[in-house]
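Asks: Curious how this folds, go ahead:
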Amino acid sequence: MAALEADIIVVGGGGAGLAAAIEAAIQGCSVAIVEKNPVLGGSTIMSVGSFAATGTVHQHRKGIIDSPQDHFEDLGLLNEHEMQSRWSGYQNVDNLELRRILVENAGETLAWLESMGVRFFGPVLEPPHRKPRMHNVLPNSRAYGYWLLRRVRRLGVSIRTEHRVRSLLRDGNRVAGVEAETNDGCRQQFIAHAGVILACGDWSSGREMKRCYARAELADIRASCNPANTGDLHGPVTELGGKILNSHMAVARVRFVPPPLDGLVHKLPPWRLLTWFMQWAMKHLPAAILRPFIMSFLTTVLEAQASLYRDGAILVNALGERFCNELDEPEFAIAKQPRQHAYIVFDDRLAKMYSAFPHFVSTAPGIAYAYVPDYRRSRPDLFHSAKTVEDLARSLGADPEKLRVAVAQTRSTDKPPIERAPFFALGPVSCYVRGTEGGLAIDTNFRIIDGDGAPIDGLYGAGLFGQGGVMLEGHGQHLSWAFTSGRLAGRSAAQRAGY
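Replies: The predicted model follows:
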């Protein structure tokens, strides 16, 4: 099969890859995208869709005075808080140069997305940020893929889906392209005259990568987002001297399982008239009307707050057995249970407590809180109630006697017991690797570098693959980095091409 040649080869067609391809093509480069999935969009179109930025038109309309410097400082506070809460003896290993690039360019990137048709509502506040910076895409994250793919096609970018890149091609010391394999086993080479941009995600679905680079317990835990993120090219890049950063930050979380079918919000198309109406509605309609609509989306992606367990709820497996201390890394205990499923069991006392602020089951900060009644309405597949513990067990398909014993044992703990009928369960919940963080080391020109800091000739990184060690805690930071790093990597590679 004849090789496909272009100035720039982009591996990965998610948000970062699409942004890189668009920017390089705008600069005048010929570009080809190589994607292993059948469709483009990657983790970006599977995400919540939040985008953090300052200096946006949305902030200006609301009279919010903000700056990249304040964003820089607040992001540092958020990173420190989250990291210290997870690891004893934590030391700050954040890449401050890349954080600076992110906050100084994110506002421009959001405007760049809007110029192609993407629409947002907000911004909303997420403490400890001092100002509202979280912009939320309308009607859902699939809008990113829809609008960027339209732009890619209009620019004449060549697209090859269902091509899994297996190796890097070399011309002396320079990376000169990639070799991919199709689903039917055919090999295809892609020759890059100026550079290869790797935007092919992290290794959250790579079983052996998780075992080798993070915690062995993570190996059997599925990724929360993209099963295609198996780390195919992390090995080839490290063989060239590339360095994987902050792999100790790979974490798992307990989250409600997704609904069996996408709800209405996930199916809405990103048509201009529809998103214009949604923007208008967010500004003018009463919260009581909007809240059920928002909840139908949020309750598909959230996790239960730890306070629910502290106040007396327990986790039981599909058999009805309590199997762990709910406040001590329950995600790893869930991974050992049948189907990696568990249920949150509680009584009427907790159900009433967690039906109004300040006691909420889950939250997307700055957007809305979800209470027990929200799960009853929006996720009936997760909601179980019964007058007796034994009937609750039957609703779950569990052993009534085992669940009775698990509930009875709460009377001998230091937490409030589960004893007031009716009884409730939410679930199943399961364990998911949220992300591996860190990525490959890059310089400020988004060139992948070796352990000595020297660039690997012809090789660039963006998105989760080229995260460069910058910490991205909080809602909206990862997408902000994906699109911003993609744009800047595409621009840097185009400059190498002489454009």
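Asks: C-alpha only now, for contacts and for neighbours.
Replies: OK.
Asks: where exactly do the strands run in the stretch 51-200 of the chain?
Replies: 119-124, 134-138, 158-160, 163-171, 174-182, 187-198 (DSSP state E, counting those that start in this stretch).
Asks: among those, which is nearest Glu321?
Replies: Taking CA to CA, strand 134-138 is the member of the strands of the stretch 51-200 of the chain nearest to Glu321, at 39.5 Å.
Asks: Helix or strand: which one has Ala32?
Replies: strand 31-34 (DSSP states H and E).
Asks: what comes up buried for that strand?
Replies: Buried positions in strand 31-34, judged by neighbour count with 16 or more other CA atoms under 10 Å: Val31, Ala32, Ile33, Val34.
Asks: So what sits opposite the third one in the bridge?
Replies: With DSSP bridges as the criterion, the beta-bridge partners of Ile33 are Val10, Ile159.
Asks: before we move on, the earlier item: just how off-centre is the strand holding Ala32 within its chain?
Replies: Strand 31-34 sits 24 Å away from the centroid of its parent chain (CA atoms, centre = their mean, to the nearest Å).
Asks: give the contact list for Tyr309.
Replies: If you count contacts by CA atoms under 8 Å, 6 or more residues apart in numbering, Tyr309 has them with Glu326, Leu327.
Asks: Would you agree it falls within a helix?
Replies: Yes. Counting by DSSP: H, G, I helix; E, B strand; the rest coil, Tyr309 is found in a helix.
Asks: What confidence value was assigned to it?
Replies: In the predicted model, Tyr309 carries a pLDDT score of 96.
Asks: Kindly report the same for the one 5 residues further on.
Replies: In this model, Ile314 is scored at 98, pLDDT.
Asks: what's the spacing between Asp199 and Phe465?
Replies: Actually, residue 199 is Ala rather than Asp. Note on Ala199: its distance to Phe465, by CA to CA, to the nearest Å, is 6 Å.
Asks: go on, Ala194?
Replies: On the measure of CA to CA, Ala194 and Phe465 end up 20 Å apart.
Asks: Check Gly486 too.
Replies: Counting by CA to CA, the gap from Gly486 to Phe465 is 11 Å.
Asks: Now do the shared contacts for those two.
Replies: Ala199.
Asks: wait, Ile9 sits on Cys29?
Replies: No. Using CA atoms under 8 Å, Ile9 is not in contact with Cys29; the gap is 10.2 Å.
Asks: which of these two has more neighbours?
Replies: Higher neighbour count among Ile9 and Cys29: Ile9, with 32 against 24, using other CA atoms under 10 Å.
Asks: what's the pLDDT at that one?
Replies: 98.
Asks: And Phe277, by the same measure?
Replies: Looking at Phe277, its pLDDT stands at 74.
Asks: again, but for the one 4 residues further on
Replies: As predicted, Ala281 sits at a pLDDT of 74.
Asks: how many neighbours does it have?
Replies: Neighbours around Ala281, by other CA under 10 Å: 15.
Asks: In terms of secondary structure, what does the strand holding Ala32 contact?
Replies: With contacts defined as 3 or more CA pairs under 8 Å, 6 or more residues apart in numbering; DSSP states H and E, the packing partners of strand 31-34 are strand 4-11, helix 15-26, strand 158-160, strand 163-171.
Asks: my guess is Lys310 meets Thr413, correct?
Replies: Heads up, residue 310 is Arg, not Lys. No. Assessed by CA under 8 Å, Arg310 is found out of contact with Thr413, at 11.4 Å.
Asks: neighbour-wise, which of these two wins?
Replies: When neighbours are counted by other CA under 10 Å, Arg310 and Thr413 differ, and Arg310 comes out ahead with 14 against 9.
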